[in-house]
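Participant: Give the three-dimensional model of this entry:
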Amino acid sequence: MVRMRRVTLAIGTAVSLLAALTVASVGAAGGFGEGTGTFTFDDKSAQVSLFNSADLSSEFVSVDRSLYLVKPKGGGTQTSQLVTILNASMFIPDPVDPNAPPVFEGFGCWVIPDSAFVISSDLQHASLNVTVDDTTPSCAFDSVVPVLSVGEGPKAGGGGGGGFPLPLTITATWTGNGVLTSSENQGSTMCLRFHTLNHIKGQSGISSSAAMNLSSAPAFTATNSFGSVSVNHVVLQVNGSGVLSPECGGKGKG
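Facilitator: Model prediction:
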């Protein structure tokens, strides 16, 4: 369990292709980390976790559409990109000896089409329906940094994953309980001569029911489940040099 959770966290920050959402009012060509300016975007996410208390097996799926600072694997221009990424994991321990190699262990991180993930305007319904295979872009980058965590240092990108037979169709549904939690906060990040101010206003809701299916994975029966959906509206002001230095996880001179 601990091993799989660590894998999930490691691959959760990796992305690869440009999505269809719009970055508004960018002050300099090249995007975030390439000059000063203001970014406005919506971060939309949902997750579902299933757990069997009898044998300690688990399944987890999360999907997130957000803005990332991406340096392609093997070199190339670092850019800001809005993408939809999918993480999935499954862990079934040995029923006799939990310390033995698991019966099944699978994980993956992929870039998926925006249309595969839909959230209703009231956050009471969400759905995911996508098929990934050998041609689906994986999360494979040397340095990937979510823009709201810039200044914490570079994040290691993951690969496409392993263990799941491909093609793999992943579906999930979320139904809200009618209650939303609202939040609003402001913050700042500084790293050398790079400085950002952010204002985040969001809503989130716990699901009264959440379900998922991994088509080519082993059979799984859950005794417990948890799901949630959230949308955060982000306004990010880039000040100072407007360029993220290598020491901070960027490629420019800070």
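Participant: In contact with the closest residue in space to residue 50 that isn't next to it in sequence, which residues?
Facilitator: Sequence neighbours aside, residue 222 is the residue nearest to residue 50 in space, at 3.8 Å (criterion: Cβ to Cβ, 6 or more residues apart in numbering). The C-beta positions use only the backbone N, C-alpha and C, and glycine is treated the same way. Listed by Cβ atoms under 8 Å, 6 or more residues apart in numbering, the contact partners of residue 222 are 50-52, 59.
Participant: what does residue 88 give?
Facilitator: When contacts are counted by Cβ under 8 Å, 6+ apart, residue 88 touches 59-61, 106-108, 161, 164, 168, 170, 214.
Participant: next one: residue 193
Facilitator: Residue 193 is in contact with 240-241, 243, 245, 254, counting by Cβ under 8 Å, 6+ apart.
Participant: quick one: pLDDT of it?
Facilitator: The per-residue pLDDT reported for residue 193 equals 86.
Participant: Let me know how buried the nearest residue to it once chain neighbours are set aside is, in neighbour terms.
Facilitator: Among residues not flanking residue 193 along the chain, residue 241 sits closest, at 4.0 Å (Cβ to Cβ, 6+ apart). Taking other Cβ atoms under 10 Å as the criterion, the count of residues near residue 241 is 17.
Participant: wait, isn't residue 241 in contact with residue 190?
Facilitator: No - at 11.0 Å, residue 241 does not count as touching residue 190 under the criterion of Cβ atoms under 8 Å.
Participant: residues shared between the contacts of those two?
Facilitator: Common neighbours of residue 241 and residue 190 are not found (criterion: Cβ under 8 Å, 6+ apart).
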